[in-house]
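A.B. asks: sequence first, predicted model second:
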Amino acid sequence: MKLLINSAFSVLILVGIIACTEESKSWTDPNPTGGPAPLIFSVVPDSGFAGSDVTITGENFSTTLDDNMVLFGANQGVVKEARSTELIVQLPMVNDKTVLPKVSVPGSEFWGYWEGLVVDTSDTSGNSMINDSLSFTFFQALEALTDTVYWPAGITTAPDSTIYFIVNQADGGWSKGLHSISTTGEISVVKTSTILGNLIYDVNTDTIWGANLRRNKEQGWISAIPFDGSTSFKKKIKEVVTPSGIAFDWSSGNMFYSSMGYYEMEIEEIEDYLDTTITDISGGIYYEPIVGRSFVGTHESDTTLSLKVMEYSRPTSCKIMGGYLYVTQAYQEEGAAISRNQILGETLGETEVVLDEFDNIYTLEFDVDGNLYFVPEGANILYRYNMDTGELVEFFPGDIVPTANFMTWDGINLVLVYSNVADDHTVTSVDEAGMIQRVYVGATGYQQ
């Protein structure tokens, strides 16, 4: 077995490769010294998920962190530690692919990698040789749980890891209702009636709650989904103005919910598309006491308990984390796409801007470290945002669902729902289905 250095890459070709690689570093080396190329002896481990770290051992690496360029195929890794014989590298966003790792440093005209021949142990004669090029295999981190469902809506995960989601349009072999996805991937119908809005699993009562927007109508309701053998949802809180999201304050057991308010829509046909103008939006956040409350029959007769505790233009979801209620907005007249308010018992503190670099964010999730995740409308990118450092990390650009309308954790995976609905809650195109996609984002996850 021998070490080989690939001399087919001149400096000009190297510059071309760097320029053509979207994630590559922009530096070039116009004055190569002919210094020794780096050599790779091992990559440990030799397989893993995008975003995890690997250790590359070898020779002639630069001790200056940014002077080491490490490519996995055509994608550049992030060098986190650098010594002359060892690099710690964070893997780039590559999914389900086997590639060749390569390293380059300034002053050298060549990429360094390992290639050789070893005895084929499957050949009993001992005379057959096989290629031993060092490769790295990226595990599958993206999986479409279904990409044929029309109008999927809210989604949540039970403590036993069963995923529940809503289908709001019977098409393509699907029926309306609450569906489940087992840990083995089997999908089945649980309830026949539907709601349009997010779901949340109440671990205290082993109940799924859901918000019903009532589509373009003014009054909706919030339902509880009992697992008592019945085939339909049970209305618990009625005459709610377009509820879009539900969040339980687990310390008290009571509920906050977001309301998109009253709104009017004007649709104007412009050339080959429809332009939608939304006016008269008046939404907000409401507080709803649940603990100790007696629900009568199929719905609650007392509708005076909801208390509006904060004005928001058009909140699309709400989520509680670390004593704060986080609110997402889309097509907002004012305020940021993600804001938060401190929870003060039955009231909320002043609104704080969390992130205003994006428009039209429909939902978010948190991991155990407090990082938040979201997919803006039409982005095809899953973002992770660290609120302490302001760092934004992109996961699998171009391979993520176009928009995350709903989101939940499946252990250490995020499950994203792309509903494929327009702002007036009608299906954008019957030719394009929605999608439920599972994404591995790293070793830290969150499951209620």
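C.D. replies: Ah, there it is. Residues are numbered from 1 along each chain as shown.
A.B. asks: spit out the contact partners of E350.
C.D. replies: N341, Q342 (C-beta atoms under 8 Å, 6 or more residues apart in numbering). In short, each C-beta sits where N, CA and C put it, glycine included.
A.B. asks: apply 10 Å and report the result again.
C.D. replies: M310, R340, N341, Q342 (C-beta atoms under 10 Å, 6 or more residues apart in numbering).
A.B. asks: now swap in F233 and tell me
C.D. replies: By C-beta under 10 Å, 6+ apart, the contact set of F233 is 166, 177-178, 191-195, 208-210, 212, 221-226, 298.
A.B. asks: kindly report the domain assignment for this structure.
C.D. replies: Using automatic domain parsing, the domains assigned to the chain come out as 5-138, 142-440.
A.B. asks: now do the end-to-end distance for the longest one.
C.D. replies: Using C-alpha to C-alpha, to the nearest Å, the span of domain 142-440 from its first residue to its last is 7 Å.
A.B. asks: can you check stretch 360-371 too?
C.D. replies: Chord length of stretch 360-371, first to last residue, is 19 Å (C-alpha to C-alpha).
A.B. asks: before we move on, back to that, can you tell me which of the contacts of E350 are in strands?
C.D. replies: Using DSSP state E, the subset of these located in strands is M310, R340, N341, Q342.
A.B. asks: which of the residues you listed tops the neighbour count?
C.D. replies: R340 (26 neighbours; other C-beta atoms under 10 Å).
A.B. asks: between the ones in strands among the contacts of E350, which sits nearest S47?
C.D. replies: Of all the ones in strands among the contacts of E350, R340 has the smallest distance to S47: 38.9 Å, by C-beta to C-beta.
A.B. asks: the closest one contacts V354, correct?
C.D. replies: Yes. The criterion here is C-beta atoms under 10 Å, and R340 meets it with V354 at 5.3 Å.
A.B. asks: so what sits against both of these two?
C.D. replies: Y324, Y326, V327, L372, M387.
A.B. asks: quick one: contacts for I225?
C.D. replies: I225 neighbours (C-beta under 10 Å, 6+ apart): 156, 164, 178, 190-191, 193, 195, 199, 201-202, 207-210, 232-234, 236.
A.B. asks: picking up where we left off before, between the contacts of E350, which is nearest Q90?
C.D. replies: R340 (29.0 Å).
A.B. asks: for the residue nearest the centre of the chain, what are its contacts?
C.D. replies: The residue lying closest to the centre of the chain (C-alpha atoms, centre = their mean) is L382, at 4.6 Å. Neighbouring residues of L382 by C-beta under 10 Å, 6+ apart: 93, 142, 373-376, 393-397, 399-401, 404, 407, 414, 416, 437, 439, 441.
A.B. asks: quick one on the thing from earlier: closest one of the ones in strands among the contacts of E350 to V105?
C.D. replies: Comparing the ones in strands among the contacts of E350 against V105 with C-beta to C-beta picks out R340 as the nearest, at 44.4 Å.
A.B. asks: pLDDT score for the closest one?
C.D. replies: What the model reports as pLDDT for R340 is 96.
A.B. asks: same check on W221?
C.D. replies: pLDDT for W221: 84.
A.B. asks: also P243?
C.D. replies: For P243, the pLDDT comes out at 87.
A.B. asks: what's the neighbour count on it?
C.D. replies: Neighbour count of P243, defined by other C-beta under 10 Å: 28.
A.B. asks: tell me the one of the contacts of E350 nearest T146?
C.D. replies: Using C-beta to C-beta, R340 is the member of those that lies nearest T146, at 32.5 Å.
A.B. asks: beta-bridge partners for the closest one, please?
C.D. replies: Y326, E352 (DSSP bridges).
A.B. asks: what pairs with the nearest residue to P38 once chain neighbours are set aside across the strands?
C.D. replies: Of all residues not flanking P38 in the chain, G112 sits nearest, at 3.8 Å (C-beta to C-beta, 6 or more residues apart in numbering). Going by DSSP bridges, G112 is paired in beta bridges with I5, V103.
A.B. asks: doesn't S104 make contact with G112?
C.D. replies: Yes. G112 lies in contact with S104 (C-beta under 10 Å); the separation is 7.1 Å.
A.B. asks: which residues do those two both contact?
C.D. replies: Common contact partners of G112 and S104 (C-beta under 10 Å, 6+ apart): A37, P38.
A.B. asks: quick one: residues contacting the closest residue to V353 other than its chain neighbours.
C.D. replies: With sequence-adjacent residues excluded and distances taken as C-beta to C-beta, 6+ apart, V353 is closest to A336, at 4.4 Å. Counting by C-beta under 10 Å, 6+ apart, A336 touches 327-329, 351-359, 361.
A.B. asks: how close does A336 sit to D359?
C.D. replies: 10 Å (C-beta to C-beta, to the nearest Å).
A.B. asks: what do the two both touch?
C.D. replies: Common neighbours of A336 and D359 (C-beta under 10 Å, 6+ apart) are Q329.
A.B. asks: if we can go back for a sec, so which of the ones in strands among the contacts of E350 comes closest to G73?
C.D. replies: Nearest member of those to G73, counting by C-beta to C-beta, is R340, at 39.6 Å.
A.B. asks: gap between the closest one and P315?
C.D. replies: According to C-beta to C-beta, R340 stands 12 Å off from P315.
A.B. asks: quick check: neighbours shared by these two?
C.D. replies: Taking C-beta under 10 Å, 6+ apart as the criterion, R340 and P315 both touch V327.
A.B. asks: excluding its backbone neighbours, what's nearest G245?
C.D. replies: S317 (3.7 Å).
A.B. asks: please read the previous query as pertaining to Q140.
C.D. replies: Per C-beta to C-beta, 6+ apart, closest to Q140 is D96, 4.2 Å.
A.B. asks: contact partners for that neighbour?
C.D. replies: Applying C-beta under 10 Å, 6+ apart to D96 gives the contacts A50, T137, F138, F139, Q140, A141, L142, E143.
A.B. asks: hang on, the fourth one packs against F49?
C.D. replies: Yes. With contacts defined as C-beta under 10 Å, F139 counts as touching F49 at a distance of 5.0 Å.
A.B. asks: what sits in contact with each of those two?
C.D. replies: Counting by C-beta under 10 Å, 6+ apart, the shared contacts of F139 and F49 are V94, N95, Y440.
A.B. asks: lovely, talk soon.
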